[in-house]
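1. Predicted model, plus sequence, below.
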Amino acid sequence: MRIRWVAIGLIAFFCLAAAPSQAQLKGENLLVAPPAGFKVGYKGANNGMNMMEWVPAAETVQNWSEMVTVQIFVRRADLDPAQFLGKLQQQWLAACPGSKLASIPTGKANGYTAATMMLHCPLLAATGKPETTMFRAIKGNDSFYVVQRAVRAVASPDQVEKMKQYLGEVSVCEAGSPQHPCPDLKPLGR
């Protein structure tokens, strides 16, 4: 189920996978990379929300078995991760009969407030297939970040574990901030 969100403002986001070998992080940065074997299927910005979708190399955003969606809502640090995912859950439940409420645990990601949620749609009308999606929302000081990893199937225990592990590595950092430190980027191959 691809729900596209709209917000206001402008965007700048950082993807570790696309970082030049001598990159220096500045300001607040979303730390996320595409899974191995994935490619950019869609990239765009609309009304202050930047979005990128990654799919397996042989697939498209119209016909995919797995997808990672990255959304950055610029200058929307007013959003709350649990409330945002709660609203998303209500939209999901309305769009997919048979879905069940999911818990929305909250915690921290590199010192920032974060929340996660997993939803399963037994049969999405638009595709005629089931879909399982896990979300991670992080409230930065400057912007709001949502990363989701989906499988167009009833997720196996291994797929669920892969989703949890992947989203567990998604983080936000702020260059020069001891409360939200950024990783030291080193040139590849050195």
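-> Looks like it arrived, so ask away.
2. quick one, phi/psi of residue 29?
-> Main-chain dihedrals, residue 29, degrees, to the nearest 10: phi -140, psi 140.
3. Make 13 the starting number, not 1.
-> Happy to do that; since the first residue is 13 now, the last one works out to residue 41.
4. Let me know the helix or strand that the residue nearest to the spatial centre of the chain is in.
-> Residue closest to the mean C-alpha point of the chain, counted by C-alpha atoms, centre = their mean, is residue 159 at 0.6 Å. Using DSSP states H and E, residue 159 sits in strand 156-163.
5. Just checking: what are the partner strands of that strand?
-> According to DSSP bridges, strand 156-163 has the following sheet partners: strand 78-85 (antiparallel), strand 141-151 (antiparallel).
6. follow-up on the earlier one: go ahead and confirm the residue nearest to the centre of the chain touches residue 44.
-> Yes: if you go by C-beta atoms under 8 Å, residue 159 and residue 44 touch, sitting 5.6 Å apart. Where C-beta positions appear, they are placed from N, C-alpha and C, glycine not excepted.
7. any residues in contact with both of those two?
-> By the contact definition C-beta atoms under 8 Å, 6 or more residues apart in numbering, residue 159 and residue 44 are jointly contacted by 82, 182.
8. circling back: how about the residue nearest to the centre of the chain, what does it touch?
-> Neighbouring residues of residue 159 by C-beta under 8 Å, 6+ apart: 42, 44, 80, 81, 82, 83, 147, 148, 179, 182.
9. just to revisit the earlier point, what would the strands paired with strand 156-163 look like in CSV with mean neighbour count, mean pLDDT and distance to residue 187?
-> Converted to CSV, the strands paired with strand 156-163 look like this (neighbours: other C-beta atoms under 10 Å; pLDDT from 0 to 100; distance: least, C-beta to C-beta, whole Å):
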stretch, mean neighbour count, mean pLDDT, distance to residue 187
strand 78-85, 23, 97, 16
strand 141-151, 22, 95, 16
